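In: generate coordinates for the sequence data below:
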Amino acid sequence: MYPKATLERAQKRRELAPKSEAAFQAFSQAVFADGALSSKTKQLIAMAVAHVTQCPYCIQGPALRSGATAQELMEAVWVATEMRAGAAFAHSTLMLDVVERSTS
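Out: Residues are numbered from 1 along each chain as shown. From the prediction side, this is the model:
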């Protein structure tokens with residue numbers, strides 16, 4: 001469905017916009033560095049967000065490379081699932097508001 005992420009494609013991105021690519025890589029390294037949150041925790045958050053945003057490239061690998069277990073990964077996916085479902089449920093308030101205003 002999606003083209004494979006390859007070293008050649010990564011190189012092409014660097015060639016087409018080298019300053020932007022370098023800035024993005026530096027930003028990414030800074031974001032995922034250990035800080036108040038460990039790098040592993042940040043990777044788990046990112047992998048969960050990737051499930052919500054449905055980015056297949058982001059789902060494949062980063063958390064495993066940081067040492068997360070299969071159980072930790074699955075629990076992060078369940079958190080993402082709850083948040084997405086929770087957001088849909090919370091937005092029912094908008095629908096109910098429209099219904100209430102239309103019957104007033």
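
In: distance between the ends of stretch 3-10?
Out: 12 Å (CA to CA, to the nearest Å).

In: again with stretch 61-79
Out: End-to-end distance (CA to CA), stretch 61-79: 18 Å.

In: report the mean per-residue pLDDT for that stretch.
Out: For stretch 61-79, the mean pLDDT works out to 88.

In: now do the buried residues in it.
Out: 62, 63, 66, 68, 72, 73, 76, 77 (16 or more other CB atoms under 10 Å). Using the backbone N, CA and C atoms, a C-beta is placed for each residue, glycine as well.

In: and the contacts of that stretch?
Out: Residues outside stretch 61-79 that contact it (CB atoms under 8 Å, 6 or more residues apart in numbering) are 39, 40, 43, 44, 45, 46, 47, 48, 51.

In: what's the burial count for the fifth one?
Out: With neighbours defined by other CB atoms under 10 Å, the count for residue 45 comes to 16.

In: so who does it touch?
Out: Contacts of residue 45 (CB under 8 Å, 6+ apart): 37, 76.

In: next: the first one.
Out: Residue 39 is in contact with 32, 33, 66, counting by CB under 8 Å, 6+ apart.

In: from these, pick the one nearest residue 100.
Out: Minimum distance to residue 100 across the contacts of residue 39 is 45.1 Å, recorded for residue 32 (CB to CB).
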